[in-house]
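Visitor: Below are the sequence and a predicted model for it; my questions follow.
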Amino acid sequence: MTTTMSAVIKRGPGPEGIAIGAVEVPIAGPGQAIIDVLATGICGTDVHIAHDEYAHERPVVMGHEVLGVVSSVGSQADAGWLGVKVAVETYFSACEVCDMCRAGRRNLCADRRSIGSFRNGGFAEKMLIPVLNLHRLPDTPGELDGVLSEPLACVAQCLLDPPVVQPGDQVLVTGPGAMGQLAAQVAKASGGVVTLAGLPVDAERLAAAAAIGIETTTETPVGDSFDVVIECSGSAQGAAIALRAARRGARYVQVGIFGRDVTLPFDTVLYKELTVTSGFASTPTSWRTAMRLIEEGDVVLTPLITEQVPLNDFFEALDAAARGAGLKTVVVPKDGRVR
């Protein structure tokens, strides 16, 4: 029986500290499951981890947008999960006793340990996860749609708990990456009149959004024009554009991660009396919402997956993500493609 497997491991500082190496095949204990990984998405957070701009411990197997099939469980009581196709919540553990955990906000627990950053994640053939984290996937048009469950749950946390967009709101989304695409779709499903803004170099990404009925632009949005602005680019330029585009009394939502301190025209918040909100990662509530959005067809996921690569092509895929190429690249550990 094979006792080791290949994985993408963050061992040292910077991208140079990442290597494809061997780790032990995990074994499920009580209340735990082993996932045979079908695919794991490369996320902007992975880029930040690579560049040491997001908290993590080393060594750790990277990857947190995980789609897989339950292959073993550590308790007979959990045998019903065997063979089930699942997406997984990212928190391997939280303290469960602090004020945030007790309020159902495990995402804000100071002792939270997430897969891909503090516990071994999904850029491997198998992954260990608490059964508590499993979500049974509804049927979807695409074989790999479920890999976008985690970013969708993060968007749901930002936009739907509580609801930010009201029917008829003029909504601007800055940044046409995967998070921006999902945010635009969720805002539209909420009744907003949505415009997704990007740069001329984002032409392919914007075309993907336009193909599913999202209005797009590469022009600088007119100031004081939008009831809700949703910043998904993770750039100071995108945030400044969003702040200036907001109407007086509007709502500004930060979705993208900057990864560093940035300079913003923040007096705009005061002068316009903007309401500024965000949402860090996801919660059980936002995961349930994400599953409902998928099941009811309120989001279109298949077009967002633009490339599938094997584990050995991880570095090229990470570099492409850092450059903003494509929308969502997924690592398929077996042979690079789910058929």
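Guide: Perfect, thanks for sending it. Bear in mind the structure is a predicted one, so any value in this text is a computation, not a measurement.
Visitor: now the helices for the stretch 201-339 of the chain?
Guide: Here the stretch 201-339 of the chain has its helices, by DSSP state H, counting those that start in this stretch, at 203-211, 236-245, 267-272, 284-295, 314-323.
Visitor: what's the answer for the stretch 51-200 of the chain, then?
Guide: 99-102, 149-159, 178-189.
Visitor: Look up how far residue 227 lies from residue 63.
Guide: Separation of residue 63 from residue 227 (C-beta to C-beta, to the nearest Å): 37 Å. From N, CA and C alone the C-beta is placed, and that goes for glycine too.
Visitor: who has more neighbours, these two?
Guide: The neighbour count for residue 63 versus residue 227, taken as other C-beta atoms under 10 Å, is higher for residue 63 (28 against 19).
Visitor: do you know how far that one is from residue 4?
Guide: According to C-beta to C-beta, residue 63 stands 17 Å off from residue 4.
Visitor: next one: residue 214
Guide: Separation of residue 214 from residue 4 (C-beta to C-beta): 45 Å.
Visitor: and the two? which has more neighbours close in?
Guide: The neighbour count for residue 214 versus residue 4, taken as other C-beta under 10 Å, is higher for residue 214 (21 against 10).
Visitor: The more buried one touches residue 196, doesn't it?
Guide: Yes. Taking contacts as C-beta atoms under 8 Å, residue 214 lies within contact range of residue 196: 5.2 Å.
Visitor: so what sits against both of the two?
Guide: Contact with both residue 214 and residue 196 is made by residues 181, 184, according to C-beta atoms under 8 Å, 6 or more residues apart in numbering.
Visitor: now the helices of the stretch 51-200 of the chain in CSV, with mean pLDDT?
Guide: Listed next are the helices of the stretch 51-200 of the chain as CSV, based on pLDDT from 0 to 100:
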stretch, mean pLDDT
helix 99-102, 95
helix 149-159, 97
helix 178-189, 98
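Visitor: Show me how the protein divides into domains.
Guide: Annotated domains of the chain cover 4-140+301-331, 154-278 [automatic domain parsing].
Visitor: Check which residues of stretch 111-127 are buried.
Guide: Within stretch 111-127, the residues that count as buried by 16 or more other C-beta atoms under 10 Å are 112, 114-127.
Visitor: typo on my end, it should be stretch 37-56
Guide: So, applying 16+ other C-beta under 10 Å, buried residues of stretch 37-56: 37-50, 52, 54, 56.
Visitor: ok, now stretch 307-316?
Guide: Buried residues in stretch 307-316, counting neighbours by 16+ other C-beta under 10 Å, are found at 307, 308, 309, 311, 313, 314.
Visitor: how close does the first one sit to residue 120?
Guide: Think residue 307. Distance from residue 307 to residue 120, counting by C-beta to C-beta: 24 Å.
Visitor: cool, and residue 139?
Guide: Taken as C-beta to C-beta, the span from residue 139 to residue 120 is 29 Å.
Visitor: Poorly predicted segments of the stretch 1-150 of the chain, please.
Guide: The model of the stretch 1-150 of the chain has pLDDT under 70 over residues 1.
Visitor: ok, which stretches of it are strands?
Guide: Per DSSP state E, counting those that start in this stretch, the stretch 1-150 of the chain carries strands over the ranges 4-10, 18-24, 32-41, 60-61, 65-73, 85-88, 91-93, 113-114, 126-130, 134-136.
Visitor: how about TSV for those strands, with distance to residue 223 added?
Guide: Formatted as TSV, the strands of the stretch 1-150 of the chain follow (distance: least, C-beta to C-beta, whole Å):
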stretch	distance to residue 223
strand 4-10	42
strand 18-24	42
strand 32-41	35
strand 60-61	44
strand 65-73	35
strand 85-88	39
strand 91-93	39
strand 113-114	38
strand 126-130	46
strand 134-136	41
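Visitor: what's the neighbour count on residue 272?
Guide: So residue 272, with other C-beta under 10 Å, has 17 neighbours.
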